[in-house]
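Q: Prediction below, plus the sequence it came from.
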Amino acid sequence: MCGLCEEYAGKNFTNPAKVAVLSCEGVSARGEVARRAANILTHTLTPKKTLRICLGGAFTKDTGQRNLVRRANKVIAIEGCFITCASRMSKGVLEDLKFTVVLADTLYPKSLPFRIIV
């Protein structure tokens, strides 16, 4: 269990529930775009309305991060590509979870390579 994830979950287990945002964490540029978009959305654009969910923390153990997802009034998955790993992982442990999927790679005109762009 990650102490940082649990501390964040404890601080953010609030009433009313917020929008939970999870993302692809893939190693390619597509995953990087999805991860950065999720961080910008939650930490910069809408920090009072959203929560950033740690994919590993929420879906490898049943702890505070997963409880944030269970309690959310809406869940958004920002996916790096059509494989939709974040959504599929979520469904693997929370079968009844309803969420909005954003395929980030359909929102920009150029296909990105399978590598991180620095």
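A: That came in fine, so what should we check first? Residues are numbered from 1 along each chain as shown.
Q: Phi, psi for the residue nearest to Ser23 when sequence neighbours are not counted please.
A: Nearest in space to Ser23, with sequence neighbours left out and distances taken as C-beta to C-beta, 6 or more residues apart in numbering, is Ala38 at 3.6 Å. C-beta coordinates here come from the backbone N, C-alpha and C atoms, glycine included. Its backbone dihedrals place Ala38 at phi -60, psi -40, with angles given as degrees, to the nearest 10.
Q: contacting residues for Ala38?
A: Under the criterion of C-beta atoms under 8 Å, 6 or more residues apart in numbering, the contact partners of Ala38 comprise 21-23, 52, 78.
Q: okay, it: pLDDT?
A: Reported pLDDT at Ala38 in the predicted model: 95.
Q: Now for the residue most central in space within the chain: which residues touch it?
A: When the chain is reduced to its mean C-alpha position, the closest residue under C-alpha atoms, centre = their mean turns out to be Leu22, at 0.7 Å. For Leu22, the contact set (C-beta under 8 Å, 6+ apart) comprises 38, 52-53, 55, 58, 69, 75-78, 86, 90.
Q: between those residues, which is nearest Asn15?
A: Of all the contacts of Leu22, Asn15 sits closest to Val69, with 16.0 Å by C-beta to C-beta.
Q: That closest one: how many residues sit nearby?
A: 21 (other C-beta atoms under 10 Å).
Q: nearest spatial neighbour of it, skipping sequence neighbours?
A: Ala20 is the one closest to Val69 (C-beta to C-beta, 6+ apart), at 5.0 Å.
Q: what's stretch 98-113 in contact with?
A: 24, 28-30, 33-34, 37, 74-82, 84, 87, 90.
Q: ok so, going back, torsion angles phi and psi at the residue nearest to Val69?
A: Taking degrees, to the nearest 10 as the convention, Ala20 sits at phi -90, psi 130.
Q: Which members of the contacts of Leu22 occur in helices, if any?
A: Restricting the contacts of Leu22 to those inside helices, with DSSP state H as the criterion, leaves 38, 55, 58, 69, 86, 90.
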